[in-house]
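In: Pasting a predicted model and its sequence here:
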Amino acid sequence: MAKTRFWKWYRTIPIMTMLLIAGLSLGFVRLPGALARQYLYPVSYEQAILESSERHGVDPLLVCAVIKCESNWDSAAMSDAGAVGLMQLMPDTSSELANYGYVDVWGYDPENLTDPATNIEYGCAYLSQLQSQLGSTDEVIAAYNAGPGSVGEWLAEGGDIAEAIKFPETALYLKRVNKTYERYQQLYTSTLSER
């Protein structure tokens, strides 16, 4: 008899665990906007984002999504590959953008990528450059991660970029940024004020 009760109790553990996870997931999705904005999808450096995104013709909410996915708003973030700052820019990329005149080097030193305003300026310039070369936001996001050369090769093979991506990291990155971008669009206006 005790053995039978144990097995009945034991079977409820997976069911209870599954229900708990489902409940938490539902609660996470329905988290009130104010809490989601504060804890999950914050916006820092609002003025720098608005100014740079306007100057370069980039959606500020996309900039926020890229920052959230790249560094989680950590201006001192450094990757193993050498990417720096909020938008995880490679120093070579910022130097190229400066050399081609996409960014005013007198106002934004390409070697000062840990400065939030500078990093955002170069990140917006890079997104703008990618937008001018590519046809969709998905292509821009993929190129931000894998480089425009890789995206060009994938597009040359035909099909949708989401299906053509050959790097698992880039495929995951595209999904993460799009999901984050969608959430920022739900929570904020294009002026980064609350909805």
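Out: Received it, and whenever you're ready, just let me know what you need.
In: middle-most residue in the chain, spatially?
Out: Val66 (2.7 Å; C-alpha atoms, centre = their mean).
In: That one touches Met87, doesn't it?
Out: Yes: look at Val66 against Met87 with C-beta atoms under 8 Å: they come within range, at 5.9 Å. C-betas here are computed from N, CA, C, even on glycine.
In: Next, show the common contact partners of those two.
Out: Gly123 (C-beta atoms under 8 Å, 6 or more residues apart in numbering).
In: just the helices in this structure please.
Out: 2-29, 33-35, 46-56, 60-71, 91-99, 116-133, 137-146, 148-156, 161-164, 168-187 (DSSP state H).
In: Next, format those as TSV and append mean pLDDT and distance to Met78.
Out: Output for the helices of the chain, formatted as TSV (pLDDT from 0 to 100; distance: least, C-beta to C-beta, whole Å):
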stretch	mean pLDDT	distance to Met78
helix 2-29	64	30
helix 33-35	78	30
helix 46-56	98	20
helix 60-71	98	9
helix 91-99	97	11
helix 116-133	98	12
helix 137-146	98	17
helix 148-156	96	23
helix 161-164	94	28
helix 168-187	97	18
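In: Arrange these in CSV, one row each, with distance to Trp106 as further columns.
Out: Putting the helices of the chain into CSV (distance: least, C-beta to C-beta, whole Å) gives the following:
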stretch, distance to Trp106
helix 2-29, 45
helix 33-35, 40
helix 46-56, 15
helix 60-71, 22
helix 91-99, 10
helix 116-133, 12
helix 137-146, 26
helix 148-156, 27
helix 161-164, 36
helix 168-187, 31
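In: Could you check these and tell me which one is nearest Pro110?
Out: Closest approach to Pro110 among the helices of the chain is made by helix 91-99 (4.0 Å; C-beta to C-beta).
In: quick one, that closest one and helix 116-133 angle?
Out: 80 degrees (axes from the mean of the first three to the mean of the last three C-alpha atoms, to 10 degrees).
In: Mind listing what's buried along helix 91-99?
Out: 93-94, 97-98 (16 or more other C-beta atoms under 10 Å).
In: just the CA coordinates of it, formatted as PDB?
Out: Coordinates of each C-alpha in helix 91-99 appear next as PDB, following Å, rounded to 0.1, in the frame of the first residue of the first chain:
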ATOM      1  CA  PRO A  91      37.700  48.200 -33.500                       C
ATOM      2  CA  ASP A  92      38.400  47.600 -37.200                       C
ATOM      3  CA  THR A  93      34.800  48.300 -38.100                       C
ATOM      4  CA  SER A  94      34.700  51.500 -36.200                       C
ATOM      5  CA  SER A  95      38.000  52.600 -37.800                       C
ATOM      6  CA  GLU A  96      36.500  51.900 -41.300                       C
ATOM      7  CA  LEU A  97      33.400  53.800 -40.500                       C
ATOM      8  CA  ALA A  98      35.500  56.800 -39.400                       C
ATOM      9  CA  ASN A  99      37.800  56.600 -42.400                       C
END
